[in-house]
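Colleague: got a structure for you, letters missing:
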Ligand SMILES: *[C@@H]1O[C@H](CO)[C@@H](O)[C@H](O)[C@H]1NC(C)=O
Ligand SMILES: *[C@@H]1O[C@H](CO)[C@@H](O)[C@H](O)[C@H]1NC(C)=O
């Protein structure tokens, strides 16, 4: 072990601070186009045409110029596990190969960390209201589907199949210490107990495969930070009733939280109104009480004055509260074009992808938001080497 490696590994345990910062790379879940929104139609799509993962040249800019060390790279669960075989250990190897190329580029070539996260519009219900599809993703997505682990739905994939999927994926990356496992993007409209059970099954499967990598554990109801301790009625019980009960033999997991700043926390509106100090106070207290840490893996805004102010405050809030150890802004990605990844009331202001421009040719959110607000807040304390060990032993 090099001295620097030992120091950084020790530092990551001894002092809590922002160790990982960067962007979501969103495009791998694009192009699940369906002419009539029938679940499963539009799959699997063609790599490089319907979807992609990263542009190596823009990853270079993020790492070499902005010194970010975390990318959250989306993939569609229904592409990794073909519909013919369903959720489980059988992968579409061609699709996996393209994904692995992106992972290797980020982690091996560039030495940054990467959180791999399945998005699942079909098996788990799509996370966003319909009007957002055109905005979030340039093409239509199937809207309905079964919930993983719903035992009263004979068409639903089971929690055991979800575990088989995770055992297979984790086994393939267990020797790459720059890889983190994000269990699922934004589970919602399913009992919080079931979100917990699926999470625990994934944790057991990952550890069972011999992987000690950091795991990101999502909450129900879109993993929203502001409502982490609230009930949404019925069996949509508070995440705070469940997620601290995750049992991990490695004790190497963080909570995966999303927190947009617009009026309904959806990340669709241009104006930022909900600041972190007020809206994350309860989550922060719960994390402290339970000796847990979190990363905010989706947040962002538009280029308004209020968003600049509240996003800067949000980044400062995470720096000041040591329960937060990382963040990724939503979103960069090679396939956005002038479409906006976040928070623009469907105006096409571009994305966080370097070189992005708005529909009218003016600078995109990369220039007007990322470089202006996020880049000055990228911590100098980020961890580049050594195993990722967040919690004290
Ligand atoms: C589970 O499946 C049943 C039968 O299809 C359905 O009525 C119910 O709404 C599903 N539960 C969830 C959480 O989707
Ligand atoms: C936001 O960016 C767009 C595209 O560059 C630009 O037209 C608009 O004037 C900017 N808005 C503000 C408030 O700066």
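Modeller: That came through fine. As the structure is a prediction and not an experimental result, all values here were calculated from the model. Ligands and ions are numbered 1, 2, ... in the order given.
Colleague: After the worst-scoring helix or strand of the chain on mean pLDDT, heading C-terminal, what element do we hit next?
Modeller: Counting by mean pLDDT, DSSP states H and E, the chain has its least confident helix or strand at helix 133-136, which shows a mean of 26. Sequence-wise, the next helix or strand downstream of helix 133-136 (DSSP states H and E) is helix 159-173.
Colleague: Assign a three-state SS to the residue nearest the centre of the chain, would you?
Modeller: Centroid check for the chain by Cα atoms, centre = their mean gives residue 297 as the closest residue, at 4.8 Å. Classification of residue 297 by DSSP: H, G, I helix; E, B strand; the rest coil places it in strand.
Colleague: give me every residue that touches it.
Modeller: Contacts for residue 297 (Cβ atoms under 8 Å, 6 or more residues apart in numbering) come out as 24, 72, 115, 117, 182, 216, 256, 257, 258, 326, 327, 328. For every residue, glycine as well, the C-beta is placed using N, CA and C.
Colleague: and with 7 Å instead?
Modeller: 24, 72, 115, 182, 216, 256, 258, 328 (Cβ atoms under 7 Å, 6 or more residues apart in numbering).
Colleague: for stretch 186-203, which positions count as buried?
Modeller: 186-188, 190-192, 194-203 (16 or more other Cβ atoms under 10 Å).
Colleague: and that stretch, how far from the chain's centre?
Modeller: Averaging C-alpha coordinates over stretch 186-203 and over its chain gives two centres that are 16 Å apart (Cα atoms, centre = their mean, to the nearest Å).
Colleague: Let me see the mean pLDDT of it.
Modeller: Mean pLDDT, stretch 186-203: 94.
Colleague: Next to ligand 2, which bits of this structure? Give me the list.
Modeller: 303, 304, 349, 358, 362, 363, 368 (Cβ under 6 Å from any ligand atom).
Colleague: Please spell out the ChimeraX selection for the buried subset of those.
Modeller: The ChimeraX command for the buried members of the residues of the chain next to ligand 2 (criterion: 16+ other Cβ under 10 Å) is given here:
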select :303,304,349,358,363,368
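Colleague: tell me what the longest strand anywhere in the chain is packed against?
Modeller: Criterion DSSP state E: the longest strand present in the chain is strand 324-332. Applying 3 or more Cβ pairs under 7 Å, 6 or more residues apart in numbering; DSSP states H and E, we find strand 324-332 packed against strand 20-25, strand 70-76, strand 294-298.
Colleague: Tell me the gap between the next helix or strand along the chain from the second one and the middle of its chain.
Modeller: Translated: strand 70-76. Per DSSP H and E, the first helix or strand lying C-terminal to strand 70-76 is helix 77-80. Relative to its chain's centre, helix 77-80 lies at 16 Å (Cα atoms, centre = their mean).
Colleague: With adjacent residues omitted, what lies nearest to the residue nearest to the centre of the chain?
Modeller: Among residues not flanking residue 297 along the chain, residue 328 sits closest, at 4.9 Å (Cβ to Cβ, 6 or more residues apart in numbering).
Colleague: tell me the contacts of that neighbour?
Modeller: By Cβ under 7 Å, 6+ apart, the neighbours of residue 328 are 22, 23, 24, 70, 72, 297.
Colleague: what are the ranges of the helices in the stretch 251-393 of the chain?
Modeller: Secondary structure of the stretch 251-393 of the chain (DSSP state H, counting those that start in this stretch): helices at 276-279, 281-289, 305-320, 365.
Colleague: Tell me the buried residues in the third one?
Modeller: Read that as helix 305-320. 307, 308, 310, 311, 314, 315, 317, 318, 319.
Colleague: Run through who's touching it.
Modeller: Contacts of helix 305-320 (Cβ under 7 Å, 6+ apart): 18, 261, 271-272, 275-277, 280, 296, 299, 301, 324, 327, 372-373, 377, 379.
Colleague: Those, buried ones only, as a ChimeraX selection?
Modeller: Per 16+ other Cβ under 10 Å, the buried members of those correspond to this ChimeraX selection:
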select :18,261,271,272,275,276,280,296,299,301,324,327,373,377,379
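Colleague: neighbours around the closest residue in space to residue 61 that isn't next to it in sequence, how many?
Modeller: Closest residue in space to residue 61, ignoring its immediate chain neighbours: residue 354 at 4.5 Å, by Cβ to Cβ, 6+ apart. Residue neighbour count, defined by other Cβ atoms under 10 Å, stands at 21 for residue 354.
Colleague: per-residue confidence at residue 354?
Modeller: 98.
Colleague: Now do the same contact list for it.
Modeller: 58, 61, 366.
Colleague: Would you mind confirming that the first one is in contact with residue 356?
Modeller: No. Residue 58 sits out of contact with residue 356 when judged by Cβ atoms under 7 Å, with a separation of 9.1 Å.
Colleague: Look at these two and report which has more neighbours.
Modeller: residue 356 (25 against 20).
Colleague: from what I can see the more buried one touches residue 364, true?
Modeller: Yes. Between residue 356 and residue 364 there is a contact at 3.4 Å, judged by Cβ under 7 Å.
Colleague: Near residue 45, how many other residues are there?
Modeller: 18.
Colleague: Can you tell me, leaving aside adjacent residues, what's nearest to it?
Modeller: residue 31 (4.8 Å).
Colleague: Name the SS class of that neighbour, please.
Modeller: Under three-state DSSP, residue 31 comes out as coil.
Colleague: circling back to that earlier point, what residues do residue 356 and residue 364 have in common as contacts?
Modeller: Taking Cβ under 7 Å, 6+ apart as the criterion, residue 356 and residue 364 both touch residue 350.
Colleague: Alright, calling it a day.
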